[in-house]
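Chemist: Coordinates for the following, if possible.
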Amino acid sequence: MRDEVEKAWSDVVGTARRTVTEGLVVGTSGNVSARAGELVVVTPTGVPYDRLRPQDAVAVDLEGRQVRGELRPTSELPLHLAVYRGTEARAIVHTHAPHATAVSTLVDRLPPIHYMTAALGGPVRVAPYALYGSPELAAAALDALRDRTACLLANHGTLSHGSTLASAYERTAQLEWMCRVWLLATSAGTPRLLTPTDLASAADRLAGYGQPPA
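Modeler: Now for the predicted structure:
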């Protein structure tokens with residue numbers, strides 16, 4: 001288990017640093033976590049990601065009890081734990097991506113501007129605003145994630161999950177990109193949107209996308 005936690009910690013820190021490098025968060029905003037067996041490895045609160053070391057690993061159980069590390073877990077721990085308990089997620093990425101956050105203040109769901117909407121399970125919902133770190137935010141996000149792998153948090157940011165950190169991060173990046181496209185389109189006029197039939201066809205095509213397993 002120690003090796004599994006250490007591997008998860010390395011992946012969590014690497015992904016957290018990537019969110020900063022690629023402009024999805026500023027400073028220590030946002031947070032990242034991954035499952036390691038029955039434990040959750042998560043970024044700590046208020047520590048710049050470039051300062052985190054291998055020996056700084058933070059892990060909690062599914063009830064939120066800290067079982068490893070001296071740094072305090074992210075203040076959004078209730079949000080992460082709710083998603084792990086309520087979905088099949090193995091990894092979570094939460095950001096304050098600027099275009100997605102802007103969209104979260106304008107609509108109750110991201111209109112289907114692009115076929116990659118299908119890759120997230122359908123039009124992305126916006127969870128109603130609740131104070132960060134609160135049980136209310138965790139409940140609102142979990143409801144917005146029904147049959148979806150990503151949601152927007154009103155006046156706050158994004159939340160994506162996946163079977164790996166790579167898939168959770170990819171969904172985060174796709175969501176931010178679609179939000180940017182929607183904002184660009186609406187600034188110029190009224191966008192043409194995809195229909196449910198369009199999205200269903202895209203979902204079928206995406207199911208076979210990529211290289212076959214070795």
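Chemist: show me what contacts the residue with the largest distance to the centre of the chain?
Modeler: Most distant from the centre of the chain: residue 189, at 29.5 Å, with distances by C-alpha atoms, centre = their mean. Contacts for residue 189 were tallied using C-beta atoms under 8 Å, 6 or more residues apart in numbering; there are none. Yep, even glycine has a C-beta here, placed from its N, CA and C like the rest.
Chemist: For the residue nearest in space to the middle of the chain, which three-state class applies?
Modeler: Ranked by distance to the mean C-alpha position of the chain (C-alpha atoms, centre = their mean), the top residue is residue 160 at 2.4 Å. Under the three-state scheme (DSSP: H, G, I helix; E, B strand; the rest coil), residue 160 adopts strand.
Chemist: Please name the residues that touch it.
Modeler: If you count contacts by C-beta under 8 Å, 6+ apart, residue 160 has them with 92, 93, 94, 120, 149, 150, 168, 169, 171, 172, 175.
Chemist: Please apply the same query to residue 136.
Modeler: Applying C-beta under 8 Å, 6+ apart, we find residue 136 in contact with residue 130.
Chemist: which SS state does it fall under?
Modeler: Taking three-state DSSP as the rule, one finds residue 136 in the helix state.
Chemist: Could you tell me how far it is located from residue 73?
Modeler: Residue 136 is 19 Å from residue 73, where distance means C-beta to C-beta, to the nearest Å.
Chemist: doesn't residue 2 make contact with residue 39?
Modeler: No: taking contacts as C-beta atoms under 8 Å, residue 39 lies outside contact range of residue 2: 10.7 Å.
Chemist: between those two, which one's more packed in?
Modeler: Neighbour comparison, residue 39 and residue 2: the larger count goes to residue 39, with 18 against 9 (by other C-beta atoms under 10 Å).
Chemist: so how far is residue 87 from that one?
Modeler: Here the distance between residue 39 and residue 87 works out to 17 Å (C-beta to C-beta).
Chemist: and what of residue 94?
Modeler: Counting by C-beta to C-beta, the gap from residue 94 to residue 87 is 14 Å.
Chemist: These two: which is more packed in?
Modeler: Set side by side, residue 94 and residue 87 show unequal neighbour counts under other C-beta under 10 Å, the larger going to residue 94 at 30 against 15.
Chemist: So which bits of the helix or strand where residue 84 lies are buried?
Modeler: Using DSSP states H and E, residue 84 falls within helix 77-86. Counting neighbours by 16 or more other C-beta atoms under 10 Å, one finds that the buried residues in helix 77-86 are 77, 78, 79, 80, 81, 82, 83, 84.
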